[in-house]
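>>> The sequence isn't on hand, but the structure is:
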């Protein structure tokens with residue numbers, strides 16, 4: 001093979017359109033070509049004897065150069081994009097390759113670098129790439145880059161027999177910040193939160209991946225949109241390792257943030273899922289993490305939870321139950337049962353409570369299972385409308401057959417009570433059924449009226465103006481105060497069955513029941529006890545001044561025709 005002489009090689013290097021720079025082992029510049037002068041604006045005379053730091057832009061921190069030199073020492077080569085300055089102060093982006101040169105003994109003797117400036121087209125492409133894959137507010141990777149990286153980590157975990165962790169993080173009560181300080185302040189808070197969270201992830205040099213890799217990738221923090229962030233945890237050895245990161249992330253948010261000069265504290269809810277333990281695909285892993293996050297939210301927000309297969313089974317059951325429930329609503333497959341309410345002084349059945357039931361081919365689905373689902377999905381509104389219209393119409397029918405007016409108690413859900421148009425709905429049901437408004441009693445719970453007291457009182461007054469009665473259900477289990485109770489336009493207090501069930505012997509502690517009865521009577525209200533299951537309970541409540549009672553001892557819930565038949569037989 002013919003060798004080119006040094007002069008010819010030098011002439012070729014001078015002609016190439018790429019900047020070439022050679023330094024000694026101490027990084028002092030000993031050669032630059034003509035393209036270097038053209039691209040950098042620095043002459044050979046100015047460059048020789050200096051170090052490559054001669055035109056550093058300051059865009060990169062010390063950690064960047066530390067990683068660069070670590071890679072050079074390890075592999076003998078580094079390639080990447082670097083920002084530098086021109087003599088006129090303008091910054092420019094260059095694509096740089098550095099290689100080490102060794103002598104005959106294998107010792108480092110020189111560094112050789114070649115680089116070119118990104119053209120305007122390349123800069124536009126780079127900007128487009130950034131807009132496509134990075135969130136413009138926080139400059140974090142966005143959902144698109146997150147999905148690309150997640151699939152990549154699945155492959156790596158499979159090859160190296162490790163695990164990939166996924167953490168979904170939601171900043172709690174973020175809407176309150178926007179409402180209180182404005183959207184601009186909310187955006188700044190998200191930027192500050194992102195900076196805090198970046199300090200909480202595990203960091204390792206993010207280098208080109210090789211099959212003989214010695215280091216894992218850095219964990220990837222992304223903004224998924226709104227106040228949601230995600231974390232890909234690379235190569236977990238065991239699932240519990242993810243909890244260390246979760247604790248660190250929660251800890252990063254403990255100190256106050258400052259918005260418009262005010263201290264603001266925020267918390268976060270985290271859902272964790274692990275590949276391949278919880279799922280085999282990206283979409284399934286995301287669903288697992290979302291399920292775990294939802295459970296944290298339901299339990300009161302703040303903290304983290306791992307996904308478990310029990311949650312997965314529950315989620316699948318919930319999805320199927322929701323589809324079945326929508327169909328049941330369309331086909332009016334629900335039925336109402338009526339539990340009698342007895343006047344404890346006279347023994348006469350004076351009214352009833354409407355209780356919804358859902359019969360299916362597999363058996364009766366309990367309200368404790370489908371009512372929360374109806375609340376969460378919004379199906380409680382059409383279901384609640386059907387219950388109200390049906391209960392009032394059935395009461396008119398039962399009253400006509402029995403020859404005296406029965407009072408019907410209908411439970412309202414939180415969503416129904418807070419929804420605009422409740423007064424109009426009740427009025428429509430009264431007009432449709434032809435029932436006397438005084439026969440209608442709407443039951444609400446303490447928690448429903450205490451969340452927004454002033455709005456609740458206004459809603460209650462609008463209902464009372466129709467002539468219907470109002471009852472506070474499960475009284476004593478919530479947190480209403482005497483001061484508020486005096487302002488509530490309610491007619492009835494219902495003693496929760498947990499207190500009634502404690503009446504199992506003549507020596508039982510009756511202080512709570514006595515207090516509720518005394519309170520109700522003192523405020524001019526009727527008092528109803530639910531859950532009466534024994535003669536002893538009925539007798540004590542009657543003697544204590546309780547007006548009405550209901551429970552299995554007095555009568556089981558029955559379908560309308562059976563309910564009428566039982567009352568006719570008394």
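On my side now, so go ahead. The model shown is predicted, which means the values in this text are computed figures rather than measured ones.

>>> What are the contacting residues of stretch 28-45?
Counting by CB atoms under 8 Å, 6 or more residues apart in numbering, the neighbours of stretch 28-45 from elsewhere in the structure are 13-24, 47-52, 54-55, 84, 86-88, 94, 110, 115-117. Heads up, the C-betas are built off the backbone N, CA and C, glycines and all.

>>> Any of the residues you listed buried? List them.
Using 16 or more other CB atoms under 10 Å as the burial test, these include 13, 19-23, 47, 52, 55, 84, 94, 110, 115-117 as buried.

>>> of all these, which comes closest to residue 145?
Residue 145 lies nearest to residue 94 out of these, by CB to CB, at 23.7 Å.

>>> Residue ranges in the stretch 201-350 of the chain under the pLDDT threshold?
Within the stretch 201-350 of the chain, the segments meeting pLDDT under 70 span 202-218, 309-316.

>>> Let's see that with 80 instead.
Judged against pLDDT under 80, the low-scoring parts of the stretch 201-350 of the chain cover residues 201-219, 235, 237-241, 244, 299-301, 308-319.

>>> so where do the strands sit in it?
Counting by DSSP state E, counting those that start in this stretch, the stretch 201-350 of the chain has these strands, from start to end: 220-225, 228-236, 257-259, 262-264, 268-275, 303-306, 335-343, 349-360.

>>> circling back: among the buried ones among the contacts of stretch 28-45, which lie within strands?
Mapping the buried ones among the contacts of stretch 28-45 onto strands (DSSP state E) picks out 19-23, 84, 94, 110, 115-117.

>>> Which residue in the buried ones among the contacts of stretch 28-45 has the weakest pLDDT?
Taking the buried ones among the contacts of stretch 28-45 together, the minimum pLDDT is found at residue 117 (73).

>>> about what we covered before: which of the strands of the stretch 201-350 of the chain is buried the deepest?
Mean neighbour counts were compared across those using mean count of other CB atoms under 10 Å; the top stretch is strand 268-275, at a mean of 26.

>>> Let me know the average pLDDT across stretch 403-415.
Averaged across stretch 403-415, the pLDDT comes to 94.

>>> Buried by neighbour count: which residues of that stretch qualify?
Within stretch 403-415, the residues scored as buried using 16+ other CB under 10 Å are 405-413, 415.

>>> Check stretch 321-332 too.
Taking 16+ other CB under 10 Å as the neighbour-count basis, stretch 321-332 is seen to contain the buried residues 321-322, 324-325, 328.

>>> circling back to that earlier point, specify which member of the buried ones among the contacts of stretch 28-45 is nearest to residue 514.
residue 84 (84.3 Å).

>>> if I look at the closest one, how far off is residue 78?
Here the distance between residue 84 and residue 78 works out to 15 Å (CB to CB, to the nearest Å).

>>> And residue 527, by the same measure?
81 Å.

>>> repeat for residue 318
Counting by CB to CB - residue 318 and residue 78 are separated by 52 Å.

>>> who has more neighbours, those two?
The residue with more neighbours, out of residue 318 and residue 78, is residue 78; 22 against 16, by other CB atoms under 10 Å.
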